[in-house]
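Enquirer: Have a look at this fold, sequence not included:
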């Protein structure tokens, strides 16, 4: 079996288990999650140093 046949079988099983309306909702949530993750990765600046916690003047 190649990948496309496997994917079709998985999608058919998911459709039978969840139903068309719930599957559409799950797809929307998954898409939003992926978009938010990509946005957070793109917003991250790897060259920017992490902020250091303030030093405690009571400890020497």
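Expert: Arrived safely. Just so you know, these numbers come straight off a predicted model, no measurement behind them.
Enquirer: same for the host helix or strand of residue 37, what does it pack against?
Expert: Element membership of residue 37 [criterion: DSSP states H and E] is helix 20-43. In terms of contact count using 3 or more C-beta pairs under 8 Å, 6 or more residues apart in numbering; DSSP states H and E, helix 20-43 is assigned the packing partners helix 3-18. All C-beta atoms are positioned from the backbone trio N, CA, C, and that covers glycine.
Enquirer: any idea of the angle the helix it packs on forms with helix 20-43?
Expert: Angular relation of helix 3-18 and helix 20-43 on a 0 to 180 degree scale: 120 degrees, by axes from the mean of the first three to the mean of the last three C-alpha atoms, to 10 degrees.
Enquirer: Name the residues that touch helix 3-18?
Expert: Surrounding helix 3-18, the residues in contact under the criterion C-beta atoms under 8 Å, 6 or more residues apart in numbering are 23, 26.
Enquirer: Distance from the chain centre to that helix, please.
Expert: Averaging C-alpha coordinates over helix 3-18 and over its chain gives two centres that are 21 Å apart (C-alpha atoms, centre = their mean, to the nearest Å).
Enquirer: next one: stretch 17-30
Expert: Using C-alpha atoms, centre = their mean, the mean C-alpha position of stretch 17-30 is found 16 Å from that of the whole chain.
Enquirer: what's the answer for stretch 28-46, then?
Expert: In terms of C-alpha atoms, centre = their mean, the gap separating the centre of stretch 28-46 from the centre of its chain is 7 Å.
Enquirer: in the protein, which segments are predicted with low confidence?
Expert: Per-residue confidence for the chain (pLDDT under 70) gives these ranges: 1, 44-50, 57, 59-60.
Enquirer: re earlier: give the buried residues for the helix holding residue 37.
Expert: In terms of neighbour count (16 or more other C-beta atoms under 10 Å), helix 20-43 has no buried residues at all.
Enquirer: Not counting its own residues, what contacts that helix?
Expert: Helix 20-43 is touched from outside by 14-15, 18, with contacts defined as C-beta under 8 Å, 6+ apart.
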